[in-house]
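>>> pasting the sequence and the predicted coordinates here, then a few questions.
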Amino acid sequence: MAEASRKSKISAARRLALKTKLLKTATVMLEDEKEQKKLKRETTLRERVPPLQLSGLSLQDLQIENLSQKVFDLKGKMKRPALKRVKISADAMLGALLGSKVKESVDFKANLKTVKKEEEKKEEVTDWRKNVEAMSGMEGRKKLFDAGQ
């Protein structure tokens, strides 16, 4: 209750006057800051970019320069389209590349080499139980060694 009953020391009129004065000084400072930025920008542009030499050129020369500059700008902004995969037969591709010179269709498979595959030697499948006694011991090992060579 003590804080609610306590009144502010500054009157409403005085507070309003201070707010308006503060806003006015803020706008003046903002305008000054914009002006300083503009001056700084101009000085840096003067330092970095040399001035144009337009005094020796005629009106027509200036117009041609302007057109060539516009063409250069347009070429720079051009985007390449994404290429799409196209299914085309070998005959159609040769026709497109060589024109109408190729009348008959070319058979690519006829020009390929023929390769003869050697037939793998198949071992006869025999019952392993029959050879157990013959292959047992040192005699059997010798037979396997001789067969491997």
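Perfect, thanks for sending it.

>>> switch to C-alpha atoms for all contacts and neighbour counts from now on
Fine.

>>> tabulate the CA atom coordinates of the regular element (helix or strand) spanning S68 in CSV.
Here S68, judged by DSSP states H and E, is contained in helix 59-77. Below are the C-alpha coordinates for helix 59-77, written out as CSV (Å, rounded to 0.1, in the frame of the first residue of the first chain):
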residue,chain,number,x,y,z
LEU,A,59,27.2,10.9,-78.0
GLN,A,60,27.2,8.0,-80.4
ASP,A,61,30.3,6.4,-78.8
LEU,A,62,28.7,6.8,-75.4
GLN,A,63,25.5,5.0,-76.6
ILE,A,64,27.5,2.1,-78.2
GLU,A,65,29.5,1.7,-75.0
ASN,A,66,26.2,1.6,-73.1
LEU,A,67,24.8,-1.1,-75.3
SER,A,68,27.9,-3.2,-75.1
GLN,A,69,27.8,-2.9,-71.3
LYS,A,70,24.2,-4.1,-71.3
VAL,A,71,25.0,-7.0,-73.5
PHE,A,72,27.9,-8.0,-71.2
ASP,A,73,25.6,-7.8,-68.2
LEU,A,74,23.0,-10.0,-69.9
LYS,A,75,25.6,-12.6,-70.8
GLY,A,76,26.8,-12.8,-67.3
LYS,A,77,23.3,-13.4,-65.8
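
>>> what's the spacing between T27 and K37?
15 Å (C-alpha to C-alpha, to the nearest Å).

>>> sorry, back to before: quick one: buried residues of the helix holding S68?
Neighbour counts using 16 or more other C-alpha atoms under 10 Å place no residue of helix 59-77 among the buried ones.

>>> make 49 the first number, not 1, from now on.
Okay, using 49 as the starting number, the last item reads as helix 107-125.

>>> C-terminal to that helix, what's the next element?
Counting by DSSP H and E, what follows helix 107-125 is helix 138-146.

>>> any idea which helix is longest in this protein?
helix 60-96 (DSSP state H).

>>> what is the mean pLDDT for it?
Averaging pLDDT along helix 60-96 gives 94.
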